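Chemist: Sequence first, predicted model second:
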Amino acid sequence: MNHYLSRRSFVKQSVMAAGAVMLSNSVLGKVSLAKPNERVNLACVGLGNRAAEIIKELYKTGLCNIVALCDVDLGAKHTEEILAMFPDAPRFSDFRVMFDKVGNQIDAVSIGTPDFSHFAITMLALDLGKHVYVEKPMARTFLEVELMTDKARRNPKLATQMGNQGHSEANYFQFKAWKEAGIIKDVTRIDAHMNMPRRWHGWNINIKGFPAAETVPETLDWELWQMQTLGHDYNKDFVNGQWRCWYDFGMGALGDWGAHILDTAHEFLDLGLPTEITAVKLDGHNSYFFPMSSTLKFHFPKRKKMPAVDINWYDGLDNLPPIPEGYGISGLDPNIPAPSTGKLEPAKLNPGKIIYGKDLTFKGGSHASILQIIPEAKAKEMEARLPDVQKSPSNHFANFLKACRGEERTRSAFEIAGPLSQVFCLGVIAQRLNSKLVFDPVKKEISNDKFANALLAGPPPARGWEQYYKM
């Protein structure tokens, strides 16, 4: 039976969960630090779809051994490829059993599960002294990201990496070099856009409840799949990527693509957390799944000598930002991987951002796509003044594994990826409530809406999962 929580329950849980951050740290397990030139012993939680791609990329580096495989549906077709690739690795359906049985053989873990299930797996892995690679966004709620970041901060010897893979490619090093050289400066506005079809486009926005219960596949542990969100009946529209559509499970287009589009601007402009988040326009808003299109505005205050910045987020098929004069074409970078829904198709405006500085305007794509100065005449004028850009010494996957061996620092560690993920958590709350939020980045509270503030923590976890929310 679906469960619903009263407004009072939400508020109470927010207060209780916020207090959990202040509890003393639990005893961490001994850090498993592979020595230089040794392969990292990697356990993989989540084996199909995007998780399979992560595992193959990590293994392709030649820096790891796959020592354990875990998935709640080991009999599913989408897990077959990875199971066949590593037939000798022990298999588990429950990550807790995996750590209990073979934890002493594990140095690090990759987590390629749905957004809402990143949290408990990550917290247990960090407690046991395991390095963690987790897909983006880090977690589904603001509090979960806060606890994960704090847990990692308490043991800096553990390598953590969020899976926004472009953060180790050309865009990362270009943005860093251009910012340090003063090419990117005095930025006051960024228009970020993702205008490709999403899974829920075409759904009936007038639904009055979640989809009807269907028979659970024999191979799937449905209760374990839900983890701390336990309370939903199985339906095929909840699994295999469909979870991204629902507020209860996913983070929509913003959580999916925001980390690939806004990551470098967020880090190198020291944006931190916004003070205002506004749902400017939501087409097809409803109580269950994400709108057909969304325009959100995030206001970030002044930082040191940098001016305040407004980030405008646009998603939806026909919801485009203003296009500045001299923009040119919207090229589709072949390095941008296809979404989980299939082939990447050119859109009216391909995924990316427009960055407005005091003197210069830039356009860029997502993932590894580099920035271009616009218009073209200005780009040619600036060409001789542009700094050299370092080539990436390691891709995102090798960067993580080398960090596990103490050779590099991860480029999207939780201390970097945490605040970025929390920006998206705040945006999703504004989407869900179709409102404007006033946020205190110091107290980490929404001051103008108690119900919205309670959503920073979300509903209380299902029985048996509370322990992961205690520090």
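Modeler: Sure, I can see it. Numbering: from 1, shown residues only.
Chemist: Can you tell me the element the residue most central in space within the chain falls in?
Modeler: The centre of the chain sits closest to Pro137, judged by Cα atoms, centre = their mean, with a distance of 1.2 Å. Under the criterion DSSP states H and E, no helix or strand holds Pro137.
Chemist: can you check Ala68 too?
Modeler: In this structure, Ala68 sits in strand 64-70 according to DSSP H and E.
Chemist: Beyond the worst-scoring helix or strand of the chain on mean pLDDT, next helix or strand please.
Modeler: Ranked by mean pLDDT, DSSP states H and E, the weakest helix or strand in the chain is helix 7-20, scoring a mean of 41. Next along the chain after helix 7-20, taking DSSP H and E as the criterion, comes strand 40-45.
Chemist: how far out from the middle of the chain is the next helix or strand after that following strand?
Modeler: Next helix or strand after strand 40-45 toward the C-terminus (DSSP H and E): helix 50-60. Distance of helix 50-60 from its chain centroid, counting by Cα atoms, centre = their mean, to the nearest Å, is 17 Å.
Chemist: ok, the closest residue to Thr113 other than its chain neighbours - how many residues close by?
Modeler: Once flanking residues are discounted, Thr113 sits nearest to Gly46: 4.1 Å by Cβ to Cβ, 6 or more residues apart in numbering. Heads up, the C-betas are built off the backbone N, CA and C, glycines and all. The number of residues packed near Gly46 is 27, by other Cβ atoms under 10 Å.
Chemist: Contact partners for Gly46?
Modeler: Cys70, Asp71, Ser110, Ile111, Gly112, Thr113, Glu135 (Cβ atoms under 8 Å, 6 or more residues apart in numbering).
Chemist: just the helices in the stretch 51-200 of the chain please.
Modeler: 80-85, 95-102, 118-127, 142-153, 170-180 (DSSP state H, counting those that start in this stretch).
Chemist: Among those, single out whichever gets nearest to Pro217.
Modeler: Nearest of those to Pro217, taken as Cβ to Cβ: helix 80-85 at 14.3 Å.
Chemist: Distance check, Ser447 against Glu146.
Modeler: 17 Å (Cβ to Cβ, to the nearest Å).
Chemist: cool, and Asp263?
Modeler: Using Cβ to Cβ, we find Asp263 at a distance of 19 Å from Glu146.
Chemist: Restricting to C-alpha, output stretch 191-205 in CSV.
Modeler: Taking Å, rounded to 0.1, in the frame of the first residue of the first chain, the C-alpha atoms of stretch 191-205 are listed here in CSV:
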residue,chain,number,x,y,z
ASP,A,191,21.5,29.7,-19.1
ALA,A,192,21.6,25.9,-19.0
HIS,A,193,19.4,23.8,-21.2
MET,A,194,18.5,20.2,-21.8
ASN,A,195,15.8,20.1,-24.5
MET,A,196,15.7,16.4,-25.5
PRO,A,197,12.8,13.9,-24.9
ARG,A,198,12.5,12.4,-21.5
ARG,A,199,10.8,9.2,-20.5
TRP,A,200,7.7,10.9,-19.1
HIS,A,201,7.0,13.0,-22.1
GLY,A,202,3.5,12.0,-23.3
TRP,A,203,2.3,10.7,-20.0
ASN,A,204,-1.1,11.8,-18.7
ILE,A,205,-0.4,14.7,-16.3
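Chemist: For the remainder of this discussion, apply numbering that starts at 50.
Modeler: Okay, residue one is now 50; in that scheme the one you just asked about reads as stretch 240-254.
Chemist: pLDDT weak spots in this structure?
Modeler: Residue ranges of the chain with pLDDT under 70: 50-85, 384, 387-396, 520.
Chemist: for it, which helix is longest?
Modeler: Taking DSSP state H as the criterion, the chain has its longest helix at helix 463-482.
Chemist: Can you list the buried residues in that helix?
Modeler: Across helix 463-482, burial judged by 16 or more other Cβ atoms under 10 Å covers 463, 465-482.
Chemist: Which residue of this structure lies farthest from its centroid?
Modeler: Centroid-distance maximum for the chain: Glu430 at 37.1 Å, with Cα atoms, centre = their mean.
Chemist: Need the phi and psi values for that one.
Modeler: Main-chain dihedrals, Glu430, degrees, to the nearest 10: phi -60, psi -40.
Chemist: OK, contacts around it?
Modeler: By Cβ under 8 Å, 6+ apart, the contact set of Glu430 is empty.
Chemist: swap in Val487?
Modeler: Thr324, Glu325, Ile495, Ser496, Asn497.
Chemist: In terms of helices and strands, where is the residue nearest to it when sequence neighbours are not counted?
Modeler: Once flanking residues are discounted, Val487 sits nearest to Asn497: 4.2 Å by Cβ to Cβ, 6+ apart. Secondary-structure assignment from DSSP H and E places Asn497 in no helical or strand segment.
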